[in-house]
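Student: sequence and predicted structure below; questions after.
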Amino acid sequence: MHEHLTVVKHPLVQHKLTLMRDKDTSTAVFRQLLREISQLLAYEITTKLEMTTRRIETPLCEMDAPVLAGKKLALISILRAGNGLLDGVLELIPSARVGFVGLYRDEETLQPVQYYFKVPQELEDRLVIVVDPMLATGNSSAAAVDLLKQAGANNIRFMCLLAAPEGVARMAEAHPDVPIVTASVDECLNEHGYIVPGLGDAGDRMFGTK
């Protein structure tokens, strides 16, 4: 298993994930749960942010208080399903810079095809958090990280709701330097490249499309 893999076992994360897996959960509730669970996952993925101090004055005295160091971090959403996680993380880190990587999966080859790429400047000086609900084959995720490294990023973390063992292995092979934070590593991929037991197509369930 990937040495940089973190599975968040927090009871609230696991409870919300179960509700999201249920096929009878409505689009509106699914979207709300995704926003909530993304904040809990973001709490985990940001535990080791670099800190410095700033001199402030409380109502009682002056003090050197801890604040985040360095440039504002960059959140990169893998379109379109990544936007569901992005919304929740932005509520937690509203000052973050935001970028988008558009990839779709060729249903015959299961390989990613790029159609959009727009990211913040100075990625080499930022912590970059990539968000996508599903780490399935890992091909799209690995391709997105390839593009970000080409754009200068060198401190990247990957956050997903669900992962398949195949996807974790693919990322470990392609990008062993990229930590992964997820709520669950499921059993396997089926013949169509979907995570089992999974929760179906995250984009379709989030946006109410088929």
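Tutor: Great, that's in hand.

Student: now do the biggest strand by length in the chain: everything it contacts.
Tutor: The residue-count maximum for a strand in the chain (DSSP state E) belongs to strand 97-105. Residues from elsewhere that reach strand 97-105, judged by C-beta atoms under 8 Å, 6 or more residues apart in numbering: 72-79, 82, 86, 90, 111-120, 126, 130, 137, 139-140, 143-144, 147-148, 193. The way it works is simple: take the backbone N, C-alpha and C, and place the C-beta from them, glycine included.

Student: and Glu173, how far is that from Ser141?
Tutor: The gap separating Glu173 from Ser141 is 12 Å, by C-beta to C-beta, to the nearest Å.

Student: same deal with Cys188?
Tutor: For Cys188 relative to Ser141 (C-beta to C-beta), the value is 17 Å.

Student: got it, and Leu135?
Tutor: With the distance defined as C-beta to C-beta, Leu135 ends up 6 Å from Ser141.

Student: list residues touching both of those two?
Tutor: Contacts common to Leu135 and Ser141, judged by C-beta under 8 Å, 6+ apart, are 158, 160, 167, 171.

Student: how many other residues sit next to the residue nearest to Gln114 when sequence neighbours are not counted?
Tutor: Closest residue in space to Gln114, ignoring its immediate chain neighbours: Leu103 at 5.6 Å, by C-beta to C-beta, 6 or more residues apart in numbering. Using other C-beta atoms under 10 Å, Leu103 has 22 neighbouring residues.
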